[in-house]
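In: Give me a 3D structure for the following:
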Amino acid sequence: MSDFLREYIIVGLFGALAFGLVATFIGLASIFRPDRPTVDKVENYESGVDPVGSGWSQSQIRYYIFALLFVMFDVEAVFIFPWAARLEDLGIFGLVEMVIFIFILALGLAYAWRKGVLRWV
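Out: As a prediction, this is how the structure comes out:
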């Protein structure tokens with residue numbers, strides 16, 4: 001057996017052991033825990049306040065769009081950090097590629113700004 005395969009088998013065994021321990025402890029907890037539901041225990045509440053009215057409310061689409069814009073620029077940061085760490089190795093090619101990448105994201109931001117998505121009203 002090669003060392004490469006042996007290392008994967010060891011990782012697999014530890015993963016199986018971890019899965020087995022978690023399953024065992026969850027099974028034991030479901031057997032030994034007390035189960036006495038009452039109306040007060042199963043009632044939903046938020047921050048210790050009793051619920052009033054229905055729990056359904058319609059949220060506005062602008063929150064969704066802000067979340068998408070955040071994800072877009074968060075992904076940009078994830079790509080820029082490794083690029084900055086390897087900038088000297090990549091040279092001018094890496095610089096040009098990153099400028100193109102940032103330009104495309106800037107176009108998306110300009111489009112969102114032009115459509116009025118960034119106004120918080």
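In: who touches Val22 in this structure?
Out: Applying Cβ atoms under 8 Å, 6 or more residues apart in numbering, one finds that Val22 lies in contact with no residue. In short, each C-beta sits where N, CA and C put it, glycine included.
In: and the strand or helix carrying it, average pLDDT?
Out: Using DSSP states H and E, Val22 falls within helix 3-32. Helix 3-32 shows a mean pLDDT of 95.
In: Also stretch 60-68?
Out: Here stretch 60-68 scores 76 as its mean pLDDT.
In: if we look at that stretch, which residues are touching it?
Out: So stretch 60-68 is contacted by Ala112, Val117, Trp120 (Cβ under 8 Å, 6+ apart).
In: okay, now the closest residue to the second one other than its chain neighbours: neighbour count?
Out: Spatial nearest neighbour of Val117, excluding adjacent residues (Cβ to Cβ, 6 or more residues apart in numbering): Ile65 at 5.2 Å. The local packing count at Ile65 equals 14, with neighbours defined by other Cβ atoms under 10 Å.
In: ok, Ile65 to Gly116 distance?
Out: Going from Ile65 to Gly116 by Cβ to Cβ, to the nearest Å gives 11 Å.
In: just Met1 next, same as before
Out: Counting by Cβ to Cβ, the gap from Met1 to Gly116 is 64 Å.
In: Have a look at those two and say which one is more surrounded.
Out: Gly116 (9 against 6).
In: which SS state does the more buried one fall under?
Out: Gly116 carries the three-state label coil when classified by DSSP: H, G, I helix; E, B strand; the rest coil.
In: How about the contacts made by it?
Out: By Cβ under 8 Å, 6+ apart, Gly116 has no neighbours at all.
In: Specify the residue ranges that define each domain of the chain.
Out: 1-36, 59-121 (automatic domain parsing).
In: Kindly reformat those as JSON lines containing distance to Glu43.
Out: Converted to JSON lines, those look like this (distance: least, Cβ to Cβ, whole Å):
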{"stretch": "domain 1-36", "distance to Glu43": "15"}
{"stretch": "domain 59-121", "distance to Glu43": "24"}
